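Visitor: sequence and predicted model, in that order:
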Amino acid sequence: MMRIRPISLADLPSLMQLVKATGVGLTTLPSNEAALSRRIEASLASFAGTAQKADELFLFVLEDIAAKRVVGTCGLATAVGLRQAWYSYRVGLAVHASQELEVFTQTQTLSLTNDHTGHSELCSLFLAPDYRRDRNGLLLSKSRFLFIAQHRERFSKKIIAELRGVADDNGQSPFWESLGRRFFSMEFSQADYLTGIGRKSFVAELMPKHPLYTTFLSPEAQAAIGETHPHTLAARRMLESEGFRYEGYVDIFDAGPTVECDVADVNAVAASKLYRAEIRDQPPAADAPYYLVSTTGIADYRATLVQANPTADVFPLSSETAAVLGVSAGKDLRAVALSVSDR
């Protein structure tokens, strides 16, 4: 059985193993043991309620209980950009017209912004390749919405997610090669790594402050703006089904899209409900829908995926599932149907 739980320091070796498989483009999971250790410690402080809002970061792991193996991770940042500046490009339009010459041109522009400062962020999502089956990815990603729904006061009104941009099999980004390299004089992987370990001052020091005309970029770079890496398309479709939308903001390194949504409008958050646990070792109907179900605590947060037919206020759990979640009969649970169509 699979279970979501808060990360612990004991998970560091497993997290390092996962990171080695992420490749370039997942900035929040750098292949650096000291940096990952600091992120785990920040998460522990956040779950303990001792972190400042600017530093709050909730990291979770997906655990295969039978195999005693950590196979995925995901995170929630309470408010980005309050400690270090949060940069994005806003995609805009410049119009030039001359009636005398009968010329009218429209040119796409990129403007450096900090518009997402203070927003909450879905981050650090990665699932081991051999576990990308059996709805594990949906459990890993969507379980965060139950945590947000239960602890709304900890999060901002708007939530964002940065999606990986277009890159080839060698990790080369056409956007970076056409733009970033000209200002940073380094490989995309190095810039991504430095950002991941917290050395972000070089962005402010070297990035052009004035709007950029995309017509000066290569055709490949222009085509990459706002596009998603093929490996991340499923994650984008899932977020869009929950209400997230691309609003014209892209990553400054690979031009991957940022999708965003008001927390109140995230479908899984709005549709989730509180239930009372009932232990019942009776198998559900074969056509019963799948539900994300979680505990309501913070440090002892647990979540899993079950087939069930809950009533208005009672959620049936098998003895095994109750043990996985660490709950007894009568305890509060939060749950939501996995599929938007079942809600």
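Guide: Noted; the coordinates are in hand. Numbering: from 1, shown residues only.
Visitor: for the stretch 201-343 of the chain, which segments count as strands?
Guide: Using DSSP state E, counting those that start in this stretch, the strands of the stretch 201-343 of the chain run over 212-213, 245-250, 257-262, 273-279, 290-294, 303-307, 314-317, 332-337.
Visitor: for the stretch 1-150 of the chain, that is, sorry about that
Guide: Counting by DSSP E, counting those that start in this stretch, the strands of the stretch 1-150 of the chain are 2-6, 57-64, 69-77, 88-98, 103-113, 120-127.
Visitor: columns mean neighbour count, distance to Lys209 and mean pLDDT on top of these, output as CSV?
Guide: Heads up, the C-betas are built off the backbone N, CA and C, glycines and all. CSV is the format used below for the strands of the stretch 1-150 of the chain (neighbours: other CB atoms under 10 Å; distance: least, CB to CB, whole Å; pLDDT from 0 to 100):
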stretch, mean neighbour count, distance to Lys209, mean pLDDT
strand 2-6, 22, 40, 98
strand 57-64, 23, 29, 97
strand 69-77, 23, 25, 96
strand 88-98, 14, 12, 90
strand 103-113, 14, 6, 91
strand 120-127, 23, 24, 94
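Visitor: these: which one's closest to Arg135?
Guide: Nearest of the strands of the stretch 1-150 of the chain to Arg135, taken as CB to CB: strand 2-6 at 8.9 Å.
Visitor: which other residues reach the closest one?
Guide: 43-44, 47, 58-65, 71, 136, 139-140, 143, 294, 299, 301-305, 324-325 (CB atoms under 8 Å, 6 or more residues apart in numbering).
Visitor: so what's Arg152 up against?
Guide: 263, 269.
Visitor: and the pLDDT at it?
Guide: In this prediction, Arg152 carries a pLDDT score of 96.
Visitor: for Leu146, see how far away it is.
Guide: In this view, Arg152 and Leu146 are 11 Å apart by CB to CB, to the nearest Å.
Visitor: out of the strands of the stretch 201-343 of the chain, which gets nearest to Val80?
Guide: Comparing those by CB to CB, strand 257-262 comes nearest, at 10.7 Å.
Visitor: still on that earlier bit, and the strands of the stretch 201-343 of the chain as CSV, adding mean neighbour count, mean pLDDT and distance to Arg83?
Guide: Listed next are those as CSV, based on neighbours: other CB atoms under 10 Å; pLDDT from 0 to 100; distance: least, CB to CB, whole Å:
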stretch, mean neighbour count, mean pLDDT, distance to Arg83
strand 212-213, 14, 94, 27
strand 245-250, 17, 98, 20
strand 257-262, 21, 98, 19
strand 273-279, 17, 97, 34
strand 290-294, 23, 98, 28
strand 303-307, 22, 97, 28
strand 314-317, 21, 96, 39
strand 332-337, 20, 98, 30
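Visitor: closest to Tyr87 out of the ones you listed?
Guide: Closest among these, using CB to CB: strand 245-250, at 10.2 Å.
Visitor: and the closest one, how far out from the chain middle?
Guide: 15 Å (CA atoms, centre = their mean, to the nearest Å).
Visitor: residues touching Ala45, list them.
Guide: 51, 55 are the contacts of Ala45 under CB under 8 Å, 6+ apart.
Visitor: correction: Ala51
Guide: Counting by CB under 8 Å, 6+ apart, Ala51 has contacts 42, 45, 57.
Visitor: how near is it to Thr78?
Guide: 8 Å.
Visitor: where does pLDDT dip in the stretch 201-343 of the chain?
Guide: The model of the stretch 201-343 of the chain has pLDDT under 70 over residues 201-202, 204.
Visitor: would you map the helices across it?
Guide: 201-206, 219-224, 233-241, 267-271, 319-325 (DSSP state H, counting those that start in this stretch).
Visitor: point out the most buried one among those helices.
Guide: Mean neighbours per residue, mean count of other CB atoms under 10 Å, is largest over the helices of the stretch 201-343 of the chain for helix 267-271, with a mean of 19.
Visitor: only alpha carbons, please: show that helix as CSV.
Guide: Presented in CSV, the C-alpha positions along helix 267-271 are these (Å, rounded to 0.1, in the frame of the first residue of the first chain):
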residue,chain,number,x,y,z
ASN,A,267,-11.5,21.9,-7.5
ALA,A,268,-10.0,19.4,-5.1
VAL,A,269,-9.8,22.0,-2.3
ALA,A,270,-13.4,23.2,-2.8
ALA,A,271,-14.9,19.7,-3.2
